[in-house]
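Engineer: 3D, please:
(2 chains)
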Amino acid sequence: MEHLVIIGNGITGITTARHVRKISDKRITIISAESDHFYSRPALMYIFMGHMRYPDTKPYEDWFWEKNKIELLRGLVTEIDSDNKTLSLADGSKIMYDQLVIATGSKSNKFGWPGQDLPGVQGLYSLQDLELLEKNSVGAKRAVIVGGGLIGIELVEMLLSRKIPVTMLVREKSYWDNILPQRESKLITRHILEHGIDLRCETNLKEIIADPDGRVCAVKTENGEEISCEIVGLTPGVAPNIEVVKNSQIAAGRGILVNDFFETNIPDVYAAGDCAEIVTPEGERNKIEQLWYTGRMHGKALAKTICGERTIYERGIWFNSAKFLDIEYQTYGFVSNVPRKGESSFYWEHAEGRMCLHLVYNAQNHALVGVNIFGIRMRHTVFEKWLTEKRTLEYVLEHLCEANFDPEFFAEFESEFVAQYNTQFPGQKLRLQGKRGLFNKIFA
Amino acid sequence: MTPIQITKSTPGNHENNRFGAVKSGGLILFLIGMVIFLSTLFRGDFKITQQSLQQSGNKVSTARLQNLQPLVGKFYTSKKRALAEIRNTLREAEPQIDAYNLGVAQFWVLKNAAAGVFKDQTVLYFFLSIILAIVGGLLYIIPQFYEGLPGIKHNNIWFSSAMARGAIGITIGTLFIAFYILLYWFPQYIVNMVLLVDPVSYFIRNMPADQWFLYGFLYTLTIIVMGLRMLAKYRHSRYHIIRTFSIIFFQLIFAFLLPSLLERLSMPSMDLKNAWPLNYYFFTDWNINSLWGGGSFGQFLFIWGIILSFAGVPLLTYFYGKRWYCSWVCGCGGLAETLGDPFRHLSDKSLRAWKVERITIYSVLVFALVMTFMQVVNYTSNGDIFGNYTWRVNQAYSFFIGAAFAGVVGTGFYPFMGNRVWCRFGCPLAAILGIVQRFKSRFRITTNGGQCISCGNCSTYCEMGIDVRAYAQRGENIVRASCVGCGVCAAVCPRGVLRLENGPAGNRFNLIKSDAIN
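Structural biologist: Sure, this is the predicted structure:
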């Protein structure tokens, strides 16, 4: 029986294993240095916040693996000998494979700041980071978070749940404006401030200062300000975790280099998920994809290839979602942070400033390019269809009720969108289709 | 466009203990009220007089009261002694008396013999116990939700002693269980508690309170108080606001005030929303006789009960799923969605629990169906066929299912096994609603494409123990018999993945998916 070995039990490795098991009876072994079982990494924050316990974050019960004949091994792979198809583990043991999948995920970035390795300074990526944060937060009077991305805001929310005041140092002019267009970035920036978070934009970390015991006691910014704190969270993004291929023949750039089939330069060795760098990017997509769902899609496509049905990775319509404190965010298609040539925007914002809709469309034929939605839920399948069919801005606005995914009885704003459009484009008379009236609400 | 004002906020003011003093004060008031309420169990004087015995006349037979004549003029400072003497006196005169009738006699004779502070200062003690606990409770539980912005308020739940099976949780559960045991089987020990609500009972029904009035009154108050908590906690979610108002309305009006007013008017009385077989005595001969024999209004109630149970239940469940009943109307569900909300995450999500659930709930359903069959046969044959057995089956059901399971376990186990133990493992009406929902309904929870991050909030906060995530992460819709449609999975989802929906029944399960969705 062929032996498939997967390094990494995150969403990519697990999805690969599950789908391989569906179509083949290969022996499957998953090796993880982090945890005995697969858990949901995006749920780490909720463990710390007391919304869930660690076992609640495991998507499959522990009996699932034995039942599906997926062997789980706890250990750190230190060496890949692809000539002899053998892995060496930190405990000295060796494992033979017929096919190897590297799905080792990411590691937190560190940019060589003085003091970045002091006790009390940490990132947030793994279960071990969570345990560390638990220790570091005992008695902490202030935390400083460096980096304004998605992990940064999660770490802020986590610390606030323990009533630890937070200062957030952000390089950009407003929160996440390297990704979000200005108005959305401001909306979230306002929300961060109304939560009482000490957000410092355009502020860079210079160094981290230790107290006489060698623990962190303050940070110094590039403007020379010193902020005393007991925790420093470094969250300036993540990078592929490719330690494992360092001394092997497997080629790597920023990530492990793979083609559209997740094949590396070595036969029978594949890499997927966060740690892979896809050398043939499609359109505007990054070579490195570090999302939960891309990991899942990588794994699903790779499983077919491994089982003999060589399958190209089809990226589909780009989408993503996040939650910034109390505001949910969804995006479908491409919305660039700075308006691009040949594109126009339709932007609506709610009077209270916690919801907005941003439709980006081709200025010539008005075909929808992408959408950002804050505070309103939209249907993935509907936007996927509209973007594939290249529907126009006008069509989308008139049919937006179809895409509304907010819970029943929630306030609906589609007629406001249409009214605003008709005001902005005086020649136009768009009419909203399929509004959910009272009758429809009851008998729909 | 104006550049954004990055004003320096006050660091650290976020979600601090803004209402700390109010909360502590409220907790102290609540605890004082509870201590005074519980102290009624251990205090109180009783004086049996000719007049006090007569007052029990419409509850206890004259002959039996006659047997208690030797006790006239006795004064007790101990409830225990008073109960013992009543028991011994009655046993001596009537060696055959059963435990039930003995309990009834003890309850009324003792209640009417009450003297001392609870009798003289009933209203004062009503305010010092129940009202003080309510006011204190509200001050304790409401302001915390206004310390931050509107949104999901689940911080630190798993670190809480009350909500994560700690010492406080165990204490709360034990008190619930003890209260239910006293209420169902030893009401003579809670006569002073019942005495406290006498003024309310006279005001609403113009008759003295019994233990069931006390229970209904406390039940309704609890749903209102904890309903206000839900309104504060979910002030960002209109689905929950409207649903909570519905629960409060049906409990207050349909379950409590309307039946009480009908009792005041000496008319046949019924909780108009209590459908068979949750209402397991609907087809007993005494209930049919009292309704059908109760004039045109009684007959209306009987027909209404039939229509509700056999047309309303399947039809409304076809359109909206079982939620229309279980989390919008039902009294048991109403308590679970209000008082039980802090414990919803304690339900077991394992596959094993689901297997157990299917065995127990359908066993209770079969039990209820057999019992109903016997009741109906018994009624139409005037007891010729099953004779005494119908009564015995009724007794068994009412003891094991009606009282022990629905009451003691159903509510007492909130802090141990979550707030829907009865609804999930026992309720025969939920079983019927569930079968309709699973096989013939327009209701489903839709999964939003491939947005699920498998975090597990939906499963954790599912009070019915459904592993919602197992479906959501596969892009499948959730169509499960047990789902009561509380809407909390959709609310706690951080990625907007779930939506409760009614719609055409075709492709309700959404098993065909694109690659992006998995």
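Engineer: gap between whichever residue of chain A sits closest to chain B and A:Q330?
Structural biologist: Closest residue of chain A to chain B, C-beta to the nearest C-beta: A:H380 (2.5 Å). All C-beta spots, glycine's among them, are computed from the backbone N, C-alpha and C. A:H380 sits 8 Å away from A:Q330, going by C-beta to C-beta, to the nearest Å.
Engineer: quick one: common contacting residues for those two?
Structural biologist: Shared contacts of A:H380 and A:Q330 (C-beta atoms under 8 Å, 6 or more residues apart in numbering or on different chains): A:319, B:451.
Engineer: thought A:F319 was touching A:Y332, still the case?
Structural biologist: Yes - using C-beta atoms under 8 Å, A:Y332 is in contact with A:F319, at 4.8 Å.
Engineer: enumerate every residue touching B:T49.
Structural biologist: Contact analysis of B:T49 by C-beta under 8 Å, 6+ apart lists B:72-73, B:113.
Engineer: now those in TSV, with secondary structure, distance to B:Q188 and pLDDT?
Structural biologist: Shown next, in TSV, are those (DSSP: H, G, I helix; E, B strand; the rest coil; distance: C-beta to C-beta, whole Å; pLDDT from 0 to 100):
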residue	secondary structure	distance to B:Q188	pLDDT
B:V72	coil	19	94
B:G73	coil	21	93
B:A113	coil	12	95
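Engineer: quick one: which of the residues you listed has the most company?
Structural biologist: Tallying neighbours with other C-beta atoms under 10 Å in any protein chain shown puts B:A113 at the head of these, with 26 neighbours.
Engineer: ok, that one touching B:Q51?
Structural biologist: No - applying C-beta under 8 Å, one finds B:A113 not in contact with B:Q51, separated by 9.7 Å.
Engineer: tell me the contacts of B:F42?
Structural biologist: Residues in contact with B:F42 (C-beta under 8 Å, 6+ apart) are B:K79.
Engineer: swap in A:L169?
Structural biologist: Contacts of A:L169 by C-beta under 8 Å, 6+ apart are A:144-148, A:200, A:203-205, A:219, A:221.
Engineer: my guess is B:E357 contacts B:F425. True?
Structural biologist: Yes - between B:E357 and B:F425 there is a contact at 5.5 Å, judged by C-beta under 8 Å.
Engineer: out of the two, which sits in the busier spot?
Structural biologist: Legend: neighbour count by other C-beta under 10 Å for B:E357 and B:F425, higher for B:F425 (24 against 20).
Engineer: my guess is the more buried one contacts B:Y362. True?
Structural biologist: No - counting by C-beta under 8 Å, B:F425 stays clear of B:Y362, with 10.4 Å between them.
Engineer: which stretches of the stretch 301-444 of chain A form helices?
Structural biologist: Taking DSSP state H, counting those that start in this stretch to define them, one finds helices in the stretch 301-444 of chain A at A:380-388, A:393-398, A:414-424, A:438-443.
Engineer: columns mean pLDDT and mean neighbour count on top of these, output as CSV?
Structural biologist: Compiled in CSV, those are given as follows (pLDDT from 0 to 100; neighbours: other C-beta atoms under 10 Å in any protein chain shown):
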stretch, mean pLDDT, mean neighbour count
helix A:380-388, 96, 20
helix A:393-398, 97, 20
helix A:414-424, 96, 16
helix A:438-443, 53, 9
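Engineer: can you get me a residue count around residue 430?
Structural biologist: In the absence of a named chain, this looks at chain A. Using other C-beta under 10 Å, the number of residues around A:L430 comes to 16.
Engineer: can you look at chain B instead?
Structural biologist: 29.
Engineer: cool, and B:K440?
Structural biologist: 11.
Engineer: compare A:Y332 and A:F319 (neighbour count), which wins?
Structural biologist: Taking neighbours as other C-beta under 10 Å, A:Y332 and A:F319 compare with A:Y332 leading, 25 against 22.
Engineer: for A:H366, see how far away the closest residue to that one other than its chain neighbours is.
Structural biologist: Spatially, and ignoring its direct neighbours in sequence, A:Y332 is nearest to A:F383 (3.9 Å; C-beta to C-beta, 6 or more residues apart in numbering or on different chains). According to C-beta to C-beta, A:F383 stands 16 Å off from A:H366.
Engineer: surely B:L196 touches B:V117?
Structural biologist: No - using C-beta under 8 Å, B:L196 makes no contact with B:V117, being 10.9 Å away.
Engineer: what about these two, which has more around it?
Structural biologist: Using other C-beta under 10 Å as the criterion, B:L196 and B:V117 rank with B:L196 on top: 25 against 15.
Engineer: which residues sit in contact with the more buried one?
Structural biologist: Contacts of B:L196 by C-beta under 8 Å, 6+ apart are B:37, B:40, B:118, B:122, B:125-126, B:129-130, B:214.
Engineer: try B:L252
Structural biologist: B:L252 sits next to B:220, B:223-224 when contact means C-beta under 8 Å, 6+ apart.
Engineer: of those, which is the nearest to A:Q128?
Structural biologist: B:I223 (45.2 Å; C-beta to C-beta).
Engineer: buried stuff in the strand or helix carrying the closest one?
Structural biologist: Using DSSP states H and E, B:I223 sits in helix B:211-233. Using 16 or more other C-beta atoms under 10 Å in any protein chain shown as the test for burial, helix B:211-233 gives B:211, B:213-233.
Engineer: what is it packed up against?
Structural biologist: Contacts defined by 3 or more C-beta pairs under 8 Å, 6 or more residues apart in numbering or on different chains; DSSP states H and E place helix B:211-233 against helix B:132-141, helix B:167-185, helix B:191-196, helix B:198-205, helix B:238-249, helix B:331-338.
Engineer: if we go to 6 Å?
Structural biologist: Applying 3 or more C-beta pairs under 6 Å, 6 or more residues apart in numbering or on different chains; DSSP states H and E, one finds that helix B:211-233 contacts helix B:132-141, helix B:191-196, helix B:238-249, helix B:331-338.
Engineer: contact partners for the residue nearest to A:F374 when sequence neighbours are not counted?
Structural biologist: Ranked by C-beta to C-beta, 6+ apart and with sequence neighbours excluded, the top spatial neighbour of A:F374 is A:C356, at 4.9 Å. By C-beta atoms under 6 Å, 6 or more residues apart in numbering or on different chains, A:C356 lies in contact with A:187, A:349, A:374.
Engineer: if you set the cut-off to 7 Å instead, what comes out?
Structural biologist: Contacts for A:C356 (C-beta atoms under 7 Å, 6 or more residues apart in numbering or on different chains) come out as A:183-184, A:187, A:347-350, A:374.
Engineer: do A:I288 as well
Structural biologist: Going by C-beta under 7 Å, 6+ apart, A:I288 touches A:240, A:254-255, A:277.
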